[in-house]
Every structure is written in structure tokens, then in C-alpha cells.
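S.K.: model this:
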Amino acid sequence: MLEIRLNFYANKIILCILIFLLLFPAGLVFAQDDLPPGPVYIVQEGDSLWGVAQRFNVPLTELTRYNGISDPGQLSIGTQLVIPGMEDVQGVLVTRTVPFGENLRSLSRKYGLSVESLARLNRITSPVSLFIGANIILPEEKIEGLSMGHASLSPGESLLELAVKKNVNPWRLVVINSLQGTWDTIPGDSILDPTKPETESPGGLPAAIREIEVDPVPLVQGSTAVIRMQVDGEMDLIGSLFEREFNFFQDTDGSYLGMQGVHAMTRPGFYPLVLNGKLLDGTPVMYSQLIYVRDGNFTYERLVVPPETIDPEITEPEDELWTSLMVNASSERIWKDAFKVPVSPLFADCFPSLYGNRRSYNGSPFNYFHTGLDFCGGVGQDIYAAGTGVVVFADDLTVRGKSTIIDHGWGVYTAYMHQSEILVEVGDHVEAGELIGFVGATGRVTGSHLHFEVIVNGVQVNPMSWLEREYP
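M.R.: Purely as a prediction, here's the structure:
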């Protein structure tokens, strides 16, 4: 009887201990009302301690030590983590991403923080830190920003002249823009304007550029960068990415849109996205901001092909011809909707080789890559135009075999290679889904298939994305 009673009490003690451990994880030593000094981040769903350390740019070991955490795995939603190294800053911290068109000066004005405070809070030592899509840390009470729009200083215009034009006390402009004085502006500077309603206008660009969006962020090897702008009036701007210039075209909704392909062999890292030109009123636009390109995680494959198809004396002239056929970017967008799969539905999900695969030919180094998407198909299977456009090439080549190129406008082209027969001629207007040829095994191949390419401003991009979504 005594043994039974002892077992009963032992089980109750064990149960109480388990409940205590569940309610009060051992990994978090500090009581949440007895935190060390510094700004606080509240753990959200999906957060990890390592992710929080990355977001706020602090060492994981320092974050765990400062918060008295012995087990990094014990992290629950709602836990308050104090961020070390910022003991003189108080309040709850949140993060926001940096869009294209914002810099340290414009962000400090937008959120009512001095440049020095914003730089210190985010440990910014270089403009590189404010790349497109970067996380910026802000006190929660500042995230709404200041409820006013922007105004741009015209070329040669002073802050005093702008104040007279806006009927605003110049010293009010000095205060709300954190300026040292009426002289503390730069040519073309975009400043907060209390006479204008709040907008999404990027503060580092002229106020006439009301909105700008970059998609995707970050970029990926083989992706298509789309830059869309809403502008008051007209503009004459040229974009540049990877030292390749691209044009902006006016879409049906009045916005301006530019696209640039990201080469599959682009090294991961930061690259400047540049705008250069002027607006209708003559306001110059010269702006550059870094954007990150990440790895596409492509696979590797070894192929054995006829030697002449990798002979530079043959491939280089053919490559030059191929490139020259797609240098024009017509101002008319011809295609509509997402591109259609260029083969029969029977082969729509059959891919002998994917875009971007690193390739070795006949034992060579992996310094080649697959420039398109291969579809299965026997000789004689139908090939269809992926989108509406105009045929600009239809002929036989050594490497690419019997090939067709269609111009879809705005610098976008599609190409269809290794055909057994071509059914269209240069100058033909074709509709999306129209029969244009038959699958073959001509050129540099190891068997019959369709090699399908999408080219954006001279760069082959991943066709799969153009088949899965509508661009732009």
C-alpha cells in the first residue's frame, strides 16, 4: 500500500515538472518584464534565432548571450528579443524592404529619422547596404512615415525659390527634411512637401515618378527583370542592367515598362540597375541602385556531339548571325497573354533537358550552358508558335539545324530549333498556337526534340517562366 502511494506521488511530481517545462522553456532565462537595455524585436511565426540574427546583422552568439538563451531551439511566437549593440535606442523594432528609388537620404526623410540615426540603427557604412530588397530596421512608431508627398527641385532651383512657389515657410521645409539650412540641398533633390498628399513616390527619384516596381527581387540567373513605372506626363529614359541598355515602352494602362534578361552564367552578386534620361519638363533623371542576382541551382550534364558543331570556326560566325537577328526592339507589343506550349499536349510536360543546365561537350569543361528548354517529340511532330509575332528568320544552320525566330515586339523573341521542316517564311505574321514546323533532329543534337528559346533584350532566359505566367 505504501509503495502504491509513493508511486502516485512520484507520478504527480513528474507531471508537474513536465507542465512547468512546457510553460516555461529552459532556453529563455530572462523574464520578459526584466529585459536588458536596447530595442526589442517580437518573434513572429516562422522566425528562427539565426534568421533574426541575420535580419538585424548581429552575431548569433551575441544575440543568444545577450538574451540569456541557452537553447536556440526554444523560441516561441511572441518572445521579446533585445537586439544588442543599440542600447541607446528604445522601442519595438520592425523591418521593411528597401524598394527601388530610395536611398539613405530619402528614407531618413520618409521616416522622420536623421541620416545618422538611420545609418547607426542599421549599421550602414556603405550605400551598397541599401540595395533593392534589402531589409531596413525601423522603430515601430516610425513605420507609417510622414503623411505628405514629395516635390523635386528643378534644375538650378533653390529651396527658397521652391518655398515661395509652394507658399511654405522655407524653415518648415528645412525642419521636416532634416536639412542643416536652406542651402543644404542638391540639384534635382526630391524633398518632403507638406502641401502635397502622401503618395508611394520613391523619395530618391523626381516626384513626377509616382511609382516604380522591380520584379522579381532578388533576380535569379535566367530570370526576366521587369521594371514598371507610373509617371506624370511623358519621359525619355533608358535603363541599364549588366551594362546592357534597355528601352521603356508605354503599356496600355499608361505605365512605362522595361525588361531585361538575366544571363544564365551571370555570377551571383550585386549589380547596378540604372535610370538615365529626362522627364517631359526637362528634369534630369540619373539614378543607380544595386540589385542582387542569386544562383539558379542548375544541374550539370555531359554530351557527345559531332565535333564540327563545337568548332569555333563554325560556332562563332553562327552565334554572331544569331545575335544580330534579335537586336531590334520594336515599340509595338505584338504578343498577348502568357506564351503557349509550342508542342502537342502529349509532350507538354516532357523535357529531355532544362534551361540553364551546365554542359560539357565531348569531354570539355562545363563552360557551356543550355540556352533553352527541350521538349520531347519524334520527327514530324507539330511545332506551334508560342505567341503572336512576325517571323524574322527561317533557315538551316549547322549548330541549330532548321530554325525559326519570331519577333513578338518590345525586344522579346522566341526561337524553335532542330526542326525537320519549316512551314513559315521571313515576314509572315503568325498567331499564337499556329503550326509553324515539325520536330526534327537537325544540327547539334543527340536525338529528335524541339529546342525552344525565349530571348529578352538579347539574352536567353528561362522559357518555363514565360509559359507559367504572363509577362509583363
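
S.K.: Going by C-alpha atoms from here, please, whenever you check contacts or count neighbours.
M.R.: Fine.

S.K.: Pretty sure Pro272 sits against Ser288.
M.R.: Yes. In this structure Pro272 lies within contact range of Ser288 using CA atoms under 8 Å: 6.0 Å.

S.K.: so where do the strands sit in the stretch 201-350 of the chain?
M.R.: 209-215, 219-220, 224-231, 235-241, 244-247, 249-250, 256-261, 269-279, 284-294, 300-303 (DSSP state E, counting those that start in this stretch).

S.K.: Make a markdown table out of the ones you listed and add distance to Val445.
M.R.: Converted to a markdown table, the strands of the stretch 201-350 of the chain look like this (distance: least, CA to CA, whole Å):
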| stretch | distance to Val445 |
| --- | --- |
| strand 209-215 | 35 |
| strand 219-220 | 28 |
| strand 224-231 | 27 |
| strand 235-241 | 33 |
| strand 244-247 | 31 |
| strand 249-250 | 38 |
| strand 256-261 | 26 |
| strand 269-279 | 33 |
| strand 284-294 | 30 |
| strand 300-303 | 9 |
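
S.K.: for those, which one sits closest to Leu113?
M.R.: With CA to CA as the measure, strand 284-294 is the member of these nearest Leu113 (21.3 Å).

S.K.: Check which residues of the helix or strand hosting Val94 are buried.
M.R.: Element membership for Val94 (DSSP states H and E) is strand 93-97. Of the residues in strand 93-97, those buried under the neighbour-count criterion (16 or more other CA atoms under 10 Å) are Leu93, Val94, Thr95.

S.K.: rewinding a little: point out the most buried one among the strands of the stretch 201-350 of the chain.
M.R.: Neighbour counts (mean count of other CA atoms under 10 Å) averaged over each of these peak at strand 256-261, with a mean of 24.

S.K.: Against Leu173, how distant is the spatially closest residue to Pro218 that is not a sequence neighbour?
M.R.: Closest residue in space to Pro218, ignoring its immediate chain neighbours: Tyr292 at 5.4 Å, by CA to CA, 6 or more residues apart in numbering. Tyr292 sits 35 Å away from Leu173, going by CA to CA, to the nearest Å.

S.K.: Where do the domain boundaries of the chain fall?
M.R.: 2-82, 214-294, 300-468 (automatic domain parsing).

S.K.: of those, which approaches Ile132 most closely?
M.R.: domain 214-294 (5.1 Å).

S.K.: How about the contacts made by the nearest residue to Ile209 once chain neighbours are set aside?
M.R.: Closest residue to Ile209 apart from its sequence neighbours, by CA to CA, 6+ apart: Val231 at 4.5 Å. Applying CA atoms under 8 Å, 6 or more residues apart in numbering to Val231 gives the contacts Ala208, Ile209, Arg210, Glu211, Ser255, Tyr256.

S.K.: how near is the third one to Ser465?
M.R.: What it means is Arg210. Distance from Arg210 to Ser465, by CA to CA: 28 Å.

S.K.: Next up, the contacts around the residue nearest to the spatial centre of the chain.
M.R.: Centroid check for the chain by CA atoms, centre = their mean gives Val217 as the closest residue, at 2.0 Å. When contacts are counted by CA under 8 Å, 6+ apart, Val217 touches Ile132, Gly133, Ile291, Tyr292.

S.K.: With distance to Val115 added, can I get those in a markdown table?
M.R.: Output for the contacts of Val217, formatted as a markdown table (distance: CA to CA, whole Å):
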| residue | distance to Val115 |
| --- | --- |
| Ile132 | 18 |
| Gly133 | 19 |
| Ile291 | 22 |
| Tyr292 | 24 |
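
S.K.: Which of the residues you listed sits closest to Leu303?
M.R.: Looking across these and measuring by CA to CA, the closest to Leu303 is Tyr292, at 32.0 Å.

S.K.: re earlier: can you redo the buried residues of strand 93-97 as TSV with distance to Gln54 and pLDDT?
M.R.: Shown next, in TSV, are the buried residues of strand 93-97 (distance: CA to CA, whole Å; pLDDT from 0 to 100):
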residue	distance to Gln54	pLDDT
Leu93	14	86
Val94	14	84
Thr95	12	84
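
S.K.: Point out where the chain drops to low pLDDT.
M.R.: 1-35, 88, 143-147, 187-188 (pLDDT under 70).

S.K.: mind redoing it with 50?
M.R.: Counting by pLDDT under 50, the chain contains low-confidence ranges at 1-2, 4, 6, 20-32.

S.K.: Just the helices from it, written as ranges.
M.R.: For the chain, applying DSSP state H gives helices covering 2-23, 49-55, 60-66, 104-110, 115-121, 159-166, 170-176, 312-324, 463-468.
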